[in-house]
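Undergrad: For reference, the sequence and a predicted model appear below.
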Amino acid sequence: MNGSQNKHKAGFVNIIGNPNVGKSTLMNALVGEKLSIVTAKAQTTRHRIMGIVNGENWQIVYSDTPGILKPNYRLQQSMMNFVDTAIGDADIILYVTDTIEKGDKNEEYISKLKDIECPVILIINKIDISTQEKVMELMKWWQEQLPKAIIYPASAQEKFNLENILDAVVQNLPVAPPWYDKDVFTDKNLRFFASEIVREKIFLNTKEEVPYCCQVEIEQFKEGSERYDISGVIYVMRDSQKGILIGKGGSTLKKIGTEARIEMEDFFQKKVFLKLFVKVDPDWRESKKELRKFGYEY
């Protein structure tokens, strides 16, 4: 290994925090690609999604994780397993809070961060909707809770202070060769992003419990010379949810499909032909077999 390789830094920078504090918005801004679902609803991220950023002498492997919660069913338990794994294998943890939530929410995870050996960078997000006085109070409170943490006020939405966060991350990376090829920007394949784009449109076009009871499976993903032919199944838990998802005369499903196709074409930079179907599976959130099929259980 030559001298320049010796100086190369690389590491896993895992983003954790409670639901709706802006973790996905932050990762998308740091990576420069839309990799994670971003909506105003909580618990939109279900998987652990990696975004890779490269500099000449460094590589950051960011990992967005589901928001911390008390699991009510097997799917949520699997989501929390992603969070626990992310805490265990991190070289750096980005703990995201915001100017709205109570600091002691899910405090058992704050206790875990007190004892962790890797660097913790704590980000107080959404300062654009707060006051300077409130932000200063929060910085002081968090410094008392996590004395070893590096604290940054930020706005992921407005991209404020992201350069300073990036500098802090690079400074704290361990010396290591790159984990991935330098031209790779995520560990997920196009089929995964197709399913996530459809799922995001479900969140944006349906209400109450419906989006939380839906799972998308891409059954066909064919690449032709001029377009992708994609077909997907949206699983719901009850017939009533199927009716809501399809809508009067198929209007809701058509809207979801159109919005998803337009975003896929932008993301894939290629024409897309998309077909969506809806099926009822009452047990998918509790079934080990189904969750494994959807990538939640290993």
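TA: Great, that's in hand.
Undergrad: Every contact and neighbour count from this point should use C-alpha atoms.
TA: OK.
Undergrad: Tell me which residues are up against the host helix or strand of residue 141.
TA: Counting by DSSP states H and E, the element that carries residue 141 is helix 132-145. Here helix 132-145 makes contact (Cα atoms under 8 Å, 6 or more residues apart in numbering) with 99, 103, 110, 114, 124, 127, 149, 151, 153.
Undergrad: One more: stretch 230-242?
TA: 195, 210, 213-222, 272-284.
Undergrad: Out of those residues, name the ones that lie in helices.
TA: Among the contacts of stretch 230-242, DSSP state H puts residue 195 in helices.
Undergrad: Just the buried ones from the contacts of stretch 230-242?
TA: Among the contacts of stretch 230-242, the ones that count as buried by 16 or more other Cα atoms under 10 Å are 195, 210, 213-218, 221, 272-276, 278, 280-281, 284.
Undergrad: what residues go with each domain of this protein?
TA: 3-172, 190-293 (automatic domain parsing).
Undergrad: now these in a markdown table, with mean pLDDT?
TA: As requested, the domains of the chain are arranged in a markdown table below (pLDDT from 0 to 100):
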| stretch | mean pLDDT |
| --- | --- |
| domain 3-172 | 92 |
| domain 190-293 | 96 |
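Undergrad: Any chance of a markdown table for those, columns distance to residue 179?
TA: Formatted as a markdown table, those follow (distance: least, Cα to Cα, whole Å):
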| stretch | distance to residue 179 |
| --- | --- |
| domain 3-172 | 7 |
| domain 190-293 | 20 |
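Undergrad: Quick one, which of those domains gets closest to residue 182.
TA: The minimum distance between residue 182 and these falls on domain 3-172, with 6.4 Å, by Cα to Cα.
Undergrad: And that closest one, how far out from the chain middle?
TA: 10 Å (Cα atoms, centre = their mean, to the nearest Å).
Undergrad: got it, and stretch 240-258?
TA: So, by Cα atoms, centre = their mean, the centroid of stretch 240-258 is 26 Å from its chain's centroid.
Undergrad: Selection in ChimeraX covering whichever of the contacts of helix 132-145 are buried, please.
TA: To isolate the buried subset of these in ChimeraX, counting by 16+ other Cα under 10 Å, use the following:
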select :99,110,124,127,149,151,153
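Undergrad: okay, among the contacts of helix 132-145, which ones form the most distant pair?
TA: Most distant of those, by Cα to Cα, are 114 and 127, 24.2 Å apart.
Undergrad: Which residues outside stretch 270-284 are in contact with it?
TA: Residues outside stretch 270-284 that contact it (Cα under 8 Å, 6+ apart): 226-239, 242, 245-246, 253, 257, 261, 264-265, 290-291.
Undergrad: change it to 7 Å
TA: 226-239, 242, 257, 261, 264-265, 290-291 (Cα atoms under 7 Å, 6 or more residues apart in numbering).
Undergrad: quick revisit: looking just at contacts, which helices and strands does the helix or strand following the helix holding residue 141 meet?
TA: Later in the chain than helix 132-145, the nearest helix or strand by DSSP H and E is strand 150-153. Judged by 3 or more Cα pairs under 7 Å, 6 or more residues apart in numbering; DSSP states H and E, strand 150-153 is in contact with strand 120-125.
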